[in-house]
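> here are the coordinates; sequence isn't available:
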């Protein structure tokens, strides 16, 4: 801190832009000041670059602890030269761990590049020379991109600076810029080839440096010409130009063995003893720093002609000779500071003071962010393909589930082909576009049928019935007629309304019929004829049965003998039981325990007891699409001497549903053919159907024999 506040007492001044305090009254009024901007990047430690500059230029004294994006300025009163130092960012970020981190890392890096470009714009508008320091002996091609971007941005903003009403511009900003800088390049040597054998001496050292410098100039000149960075020097708004070919504009810096005088002082080297009377005040400390700076060797053991200081001095002297007598190009430090500060507010000010608010043209953005431009072009090509993927095979109206499924496909296409940071932008754009297409009159009804089918109608209110245009062929409660039904969306339509509509035409003609349960979970008991109407060799004569599967299973029950009439007694009483399954195509078939279909009337179809029966099994019909049959009816043929009790218990999703009333047992009288129609959909309450369960069972012993009551003896 004391260095910043007291350096102005010496032969140089050190300040920041923007200033931390008022310094205009201390500015020199002498005209002919030369402004030298220095940019670059060190190999590792940033203090190395500051040391190189401080050691190379006696009038430059930069410190490393600059704040945020402040620009350091060091003024040498002896030579009337102002040095401006801007260190380049490393351009490195943390390694991304996922896509979101990669995007954030890229956005942070883009902000750093933009802020760096703003400082470059300011530097190329206020300097006579811009010195580019390379950390090695090779030219960094990345500078070409920055030079081109700076050139384009200057062409874009200089006319706006001319037209803008910026106060106190002064005559130095008459053309929108203070200076048109010339580029100088300094390369730091880091190879052992620069240390020549002693026998060659200083002349060999100078010759090698000069030869390498000429080779670098030739390379840079060709690069700039190929990239069209050599504009007409007569144009004040032109891009930064190279120095004239008569002077060297590339300098090869030998290995630096000198130490920065600031480092020497802060490290305690060269500091006088504590007893010295000259070390009692801060002024004496600054005095020793200036002495160290004046006496420190520029480069140990090298010729004076190859120093960076001499290289820069020749260029400055030539510039002043060319501008001598031209009042437009000669100005004082005070005049320069007034215009430079205004330009700094224009380019690098905060949101409240900056005028760098116009959108940057796409041509310039391509130079600032080549990765983003490539990603933008790539994503733009794939975006149309992703949109077509979303709209492919879409119906006129569709549900949110279909929308999400198509969007996932489209995003997968975009992800597989798009590259770079623009993916997130185009992914959000694709989501918004797909949502717009769906909400633009193509939203379908979200209603779902009891079988899992979606309503295909446009979005509607409850006054309109749902429909998915699916029709199923089903038998009535007694099984004697077939009809088509729509896929039901309510429990009433699935278990009651369809069967009641058919019952008026068919089932109501049966001798006896009864409906049990509620409208949401109803089942029906129908008497379709005497027991003698069933013939075991023929099977059930009703429509829809697959060939060979219409036979009932024999169930022999022990008979109850009458002691008064032994001749009427028999050893067994034969009943017939059949569990009928029905698929959505109207195919009907009887099955045995385990879901095996009945094939013909044989001994294998004989039952010893009523087993557990699956509610769902595969349909044996030969179709391209496998169909699932559901247990819908139980056929029972009882002789005159047998009365059966019906107890329907269903295991569904680990829940036991009891369909038959417990207070009044349901009995099947003897001598009849009885059909028990089961529910189409199962539910716990009146509003919530149970989800499909492939392992659901009709529990065993649903049919049991009722003992006969004997007549009282007289």
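Okay, I see it. This is a predicted model, so every value here is computed, not measured. Residues are numbered from 1 along each chain as shown.

> quick one: residue 41 and residue 114, what's the gap?
Here the criterion is CB to CB, to the nearest Å. By it, residue 41 lies 18 Å from residue 114. All C-beta atoms are positioned from the backbone trio N, CA, C, and that covers glycine.

> ok, the two, which is more surrounded?
It is residue 41, of residue 41 and residue 114, that has more neighbours when counted by other CB atoms under 10 Å, with 17 against 14.

> Return the distance of the more buried one relative to residue 481.
Taking CB to CB, one finds residue 41 at 91 Å from residue 481.

> Low-confidence ranges, the stretch 301-450 of the chain, go.
Counting by pLDDT under 70, the ranges of the stretch 301-450 of the chain that qualify are 301-306, 325-329, 350-368.

> for it, what spans make up the helices?
Using DSSP state H, counting those that start in this stretch, the helices found in the stretch 301-450 of the chain span residues 308-323, 333-348, 362-368, 370-391, 400-417, 422-439.

> So which of these is nearest residue 523?
With CB to CB as the measure, helix 400-417 is the member of those nearest residue 523 (32.9 Å).

> centroid residue for the protein?
By CA atoms, centre = their mean, the chain has its centre lying nearest to residue 424, at 4.8 Å.

> ok, now how distant is it from residue 651?
Residue 424 is 51 Å from residue 651, by CB to CB.

> Hey, what's the angle from the host helix or strand of residue 150 to helix 333-348? Just curious.
Here residue 150 sits within helix 142-163, counting by DSSP states H and E. Angle of helix 142-163 versus helix 333-348, following axes from the mean of the first three to the mean of the last three CA atoms, to 10 degrees, is 100 degrees.

> Show me what counts as buried in helix 142-163.
Neighbour counts over helix 142-163 (16 or more other CB atoms under 10 Å) mark 143-154, 157-158, 161 as buried.

> try stretch 430-441
430, 433, 434, 437, 438.

> now swap in stretch 605-624 and tell me
By 16+ other CB under 10 Å, the buried positions in stretch 605-624 come out as 605, 607, 610, 611, 613, 614, 615, 616, 617, 619, 620, 621.

> For residue 458, see how far away the closest residue to residue 406 other than its chain neighbours is.
Closest residue in space to residue 406, ignoring its immediate chain neighbours: residue 390 at 4.9 Å, by CB to CB, 6 or more residues apart in numbering. For residue 390, the distance to residue 458 (CB to CB) stands at 19 Å.

> Compare these two and say which one has the larger neighbour count.
Legend: neighbour count by other CB under 10 Å for residue 390 and residue 458, higher for residue 390 (23 against 13).

> how close does that one get to residue 419?
Remark: distance between residue 390 and residue 419 (CB to CB) = 20 Å.

> quick one: which of the buried residues of stretch 605-624 sit in strands?
Among these, the ones falling in strands (DSSP state E) are 613, 614, 616, 617.

> could you list every residue that touches the third one?
This means residue 616. The contact partners of residue 616, by CB atoms under 8 Å, 6 or more residues apart in numbering, come to 628, 629, 630, 631, 694, 696.

> Just give me the closest of these to residue 641.
Set against residue 641, the nearest of the contacts of residue 616 by CB to CB is residue 631 (28.3 Å).

> Look at residue 251 and give its secondary structure.
Following DSSP: H, G, I helix; E, B strand; the rest coil, we place residue 251 in the strand state.

> surely it meets residue 187?
Yes: contact status for residue 251 versus residue 187: in contact at 7.2 Å, counting by CB atoms under 8 Å.

> Figure out which of the helices of the stretch 301-450 of the chain is closest to residue 589.
With CB to CB as the measure, helix 400-417 is the member of these nearest residue 589 (33.8 Å).

> what's the distance between residue 649 and residue 612?
Counting by CB to CB, the gap from residue 649 to residue 612 is 10 Å.

> any common contacting residues for the two?
By CB under 8 Å, 6+ apart, the residues touching both residue 649 and residue 612 are 698, 699.

> residue contacts, the nearest residue to residue 410 once chain neighbours are set aside?
Spatially, and ignoring its direct neighbours in sequence, residue 410 is nearest to residue 390 (4.0 Å; CB to CB, 6+ apart). Neighbour list for residue 390: 406, 407, 409, 410, 430, 433, 434, 437 [criterion: CB under 8 Å, 6+ apart].
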